[in-house]
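In: sequence and predicted structure are below.
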Number of protein chains: 2
Amino acid sequence: MAKKSFREQILQVREDAIVSSVNRLLAEKGFEAMTVDEVAADVGVAKASLYKHFASKEALAAAAMIRVLDRTLAMIGELEADPRNADPAHAVEQLKAVARWTMQVQLAGEMPSLPAQNSTLRAELMENRSYLDRLMEVSEKLGRWIESAQSVGALDKSLPVEVIMYTLFARACDPVLGLLKASGQYQPEQIVSMLTKTCFEGLRGS
Amino acid sequence: MAKKSFREQILQVREDAIVSSVNRLLAEKGFEAMTVDEVAADVGVAKASLYKHFASKEALAAAAMIRVLDRTLAMIGELEADPRNADPAHAVEQLKAVARWTMQVQLAGEMPSLPAQNSTLRAELMENRSYLDRLMEVSEKLGRWIESAQSVGALDKSLPVEVIMYTLFARACDPVLGLLKASGQYQPEQIVSMLTKTCFEGLRGS
DNA sequence: GTCTATAACCAGATAGAC
DNA sequence: GTCTATCTGGTTATAGAC
């Protein structure tokens, strides 16, 4: 870790503030509805200053996604540190823990929601090395757990690994969470627990 | 059914063509990315003519959603016509049939995708009586099947009805479908069958 | 009702002084 | 680097002739 000048630290802090605002606004309104003016107002800087830090609106969103992936990798790293991790019998519990965590992040209003099919944003993300590297790393770690869980019969062996992986990713931004939260009838923990159950055990139940 | 003049029929046909285009474009690109110019060009009419039929872009989307709900109600009606429907033991099969059907519609590129949290669109939909009436009717019919299925233990009795209903609605626009389709590794029937299974039996499998 | 042309507006992005 | 002020492009919506 290189030492940084005081000036650089100030800049770093400002960028962090920008990414935090972007992350929250993306979670609240989504990419299209979020405006750069809004971000600038929220951070408390002029719009032109934002463009000194980030080249485009898409770059802002990418920075927020990278931060989320870093948080995810940190969370996965904690699970890996647990010595039980070596036992395939616990792999499915690790996956459930990841699913629960992503749902909690979403309920806390900290999960950016990116329209799956926005062309300019997707194109920019697919060319962003930092983003792709992290996405790949998450995929590999989850993929290993999925294979372990399948090998001991804790997950359906007839499902391709990528089907399970996509499903887990999708549950991190499942609109059902928001609907149940908006209904106001359930505690956050109830929602997470019900949806984790339906994800792994299905609507039929165990 | 009131008889219609020839002129009215012509208009009806044109409106149908407009709604079909809107439906397809919404499925392809979503509400925000779809432009009114595009719709006009696709239908082959002037943009101003569109505004004679529909008051706003939101009204266009609402018309497409209403058509989808009508198709859904027709599909549900066919299931209800089956005499076995009276037997609660078959309720879960009816629900699976509805889930499969909505996934097939999505795979066929005929399911409009409306960003869940667009304010202007949501506000307009929530004031559209035709839309709300149909949504209510679908909900009531599915709700009865869900309760029947729970009563015979075919669905998890511990889950509130609305949790199951929201989950079924959400699976109709699950991004996993699009991802698997885009991967090109699976036939449409495979995708539908795998996702129906994970929805009802979970990732763990039966 | 349909068309061409245009108004009105708003978002993303930039120029130039400090 | 940050600000104020402005440009540019694209979108919704409408005027007015036919």
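Out: Received it, and whenever you're ready, just let me know what you need. Numbers count the residues shown, from 1 in each chain, chains lettered A, B, ... in the order given.

In: and A:V43, what does it touch?
Out: Contacts for A:V43 were tallied using Cβ atoms under 8 Å, 6 or more residues apart in numbering or on different chains; they are A:R14, A:A17, A:I18, A:S21, A:L50. C-beta here means a position set from N, CA and C on the backbone, and glycine is covered the same way.

In: burial check on A:D37, number of neighbours?
Out: Neighbouring residues of A:D37 were enumerated by other Cβ atoms under 10 Å in any protein chain shown; the total is 10.

In: isn't it right next to A:V45, touching?
Out: No: the criterion here is Cβ atoms under 8 Å, and A:D37 misses it with A:V45 at 11.4 Å.

In: next, count neighbours for the residue nearest to A:L168 when sequence neighbours are not counted.
Out: Residue nearest to A:L168 in three dimensions, not counting chain neighbours: A:A99, with 5.9 Å by Cβ to Cβ, 6 or more residues apart in numbering or on different chains. Residue crowding around A:A99 was assessed by other Cβ under 10 Å; the count is 21.

In: dihedrals phi and psi, A:T35?
Out: Backbone torsions of A:T35, given as degrees, to the nearest 10, read phi -110, psi 150.

In: just to revisit the earlier point, residues making contact with the stretch of helix or strand the residue nearest to A:L168 belongs to?
Out: With the criterion set as DSSP states H and E, the secondary-structure element containing A:A99 is helix A:91-107. Applying Cβ under 8 Å, 6+ apart, the set of residues contacting helix A:91-107 from outside is A:27, A:68, A:71-72, A:75-76, A:79, A:85, A:111, A:142, A:145-146, A:148-149, A:152, A:154-155, A:168, A:171-174, A:177-178, A:181, A:188, A:191-193, A:195-196, A:199-200, B:204.

In: residue contacts, the residue lying closest to A:V68 once chain neighbours are set aside?
Out: If the residues on either side of it in the chain are set aside, A:V68 comes closest to A:P112, at 6.4 Å by Cβ to Cβ, 6+ apart. Neighbour list for A:P112: A:V22, A:N23, A:L26, A:A27, A:F31, A:A61, A:A64, A:M65, A:V68 [criterion: Cβ under 8 Å, 6+ apart].

In: and those, which is closest to chain B?
Out: Comparing those against chain B with Cβ to the nearest Cβ places A:F31 closest, at 8.8 Å.

In: show me which positions of the strand or helix carrying the closest one end up buried.
Out: Counting by DSSP H and E, the secondary-structure element that holds A:F31 is helix A:6-33. For helix A:6-33, the buried set under the neighbour-count rule, 16 or more other Cβ atoms under 10 Å in any protein chain shown, comprises A:18-19, A:21-27, A:29-33.

In: wait, A:E38 sits on A:L26?
Out: No: using Cβ under 8 Å, A:E38 is not in contact with A:L26; the gap is 10.9 Å.

In: give me the buried subset of the contacts of helix A:91-107.
Out: Burial by neighbour count, judged by 16+ other Cβ under 10 Å, picks out A:27, A:68, A:72, A:75-76, A:79, A:111, A:142, A:145-146, A:148-149, A:154-155, A:168, A:171-174, A:177-178, A:181, A:191-192, A:195-196, A:199-200, B:204 from those.

In: how about the helices in chain A?
Out: Using DSSP state H, the helices assigned to chain A run over residues A:6-33, A:36-43, A:47-53, A:57-81, A:91-107, A:119-125, A:129-151, A:161-171, A:175-183, A:188-201.

In: quick one, the fourth one and helix A:6-33 angle?
Out: Okay, so that is helix A:57-81. 110 degrees (axes from the mean of the first three to the mean of the last three Cα atoms, to 10 degrees).

In: list of residues touching helix A:57-81?
Out: By Cβ under 8 Å, 6+ apart, the list of residues contacting helix A:57-81 from outside reads A:15, A:18-19, A:22-23, A:26, A:31, A:34, A:36, A:39, A:50, A:54, A:85, A:94, A:97-98, A:101-102, A:105, A:110-112, A:114, A:120-121, A:124-125, A:128, A:130-131, A:134-135, A:137-138, A:141-142.

In: from memory A:A33 sits against B:L121, does it?
Out: No: using Cβ under 8 Å, A:A33 is not in contact with B:L121; the gap is 10.4 Å.

In: which neighbours do the two have in common?
Out: Each of B:P115 lies in contact with both A:A33 and B:L121 under the rule Cβ under 8 Å, 6+ apart.
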